[in-house]
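# Compute the structure for the input listed below.
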Amino acid sequence: MTIQAGDILSYSGEKTTIATEPLKSYLETRSDVGFIYKSTALVRGYIGTWEIKSKKLYLVSLAGFIENNEKVDLNYLFPNKTEVFADWFSGDIRIPEGELLEKINLGYASVFEKDRILTIKEGILISETVKNNTKSNNINHN
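Model prediction:
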């Protein structure tokens, strides 16, 4: 699999690409939805735009393709909504930060200097940690 184009997240005044697919668990409950991919860099067939407001995760925009190359937006999944509280999502959202240390042509496996990890439970941000991935951080000091 090729490196995947990530969803977008607005958080703390910054827009960034995430290495997580918060919509995936919701889509697994919808047998009536069928995105198609137009690029090996976007096999899921859509890009979601997310925002964290008052510690809550919202899906605020969607751009995807369904059969016959029809382009769809948020209305396809959530008619008449301009944003949707992502109460279905529990897990970690990984935000790669800093310089690319190791390019790995597989999904979201590339390694960056840091990973900011946002832990979400039923759509609510419960913690934030930063993992340092630099080699010097892993030296054994005896």
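# I figured V111 hits L101, correct?
Yes: the pair V111 / L101 is scored as a contact, 4.7 Å apart, by CB atoms under 8 Å. Glycine gets a C-beta too; all of them are placed from N, C-alpha and C.
# And what about F112, helix, strand or coil?
strand (DSSP: H, G, I helix; E, B strand; the rest coil).
# helix/strand/coil for the closest residue to it other than its chain neighbours?
Counting by CB to CB, 6 or more residues apart in numbering, P96 is the residue found nearest to F112 once chain neighbours are left out, at 3.9 Å. Secondary structure, three-state DSSP: P96 is strand.
# Tell me who's in contact with P96.
P96 is in contact with T17, A19, Y108, S110, F112, K114, D115, counting by CB atoms under 8 Å, 6 or more residues apart in numbering.
# follow-up on the earlier one: could you name every residue contacting both of V111 and L101?
With CB under 8 Å, 6+ apart, V111 and L101 have common neighbours N133.
# Can you tell me how far I120 is from W50?
10 Å (CB to CB, to the nearest Å).
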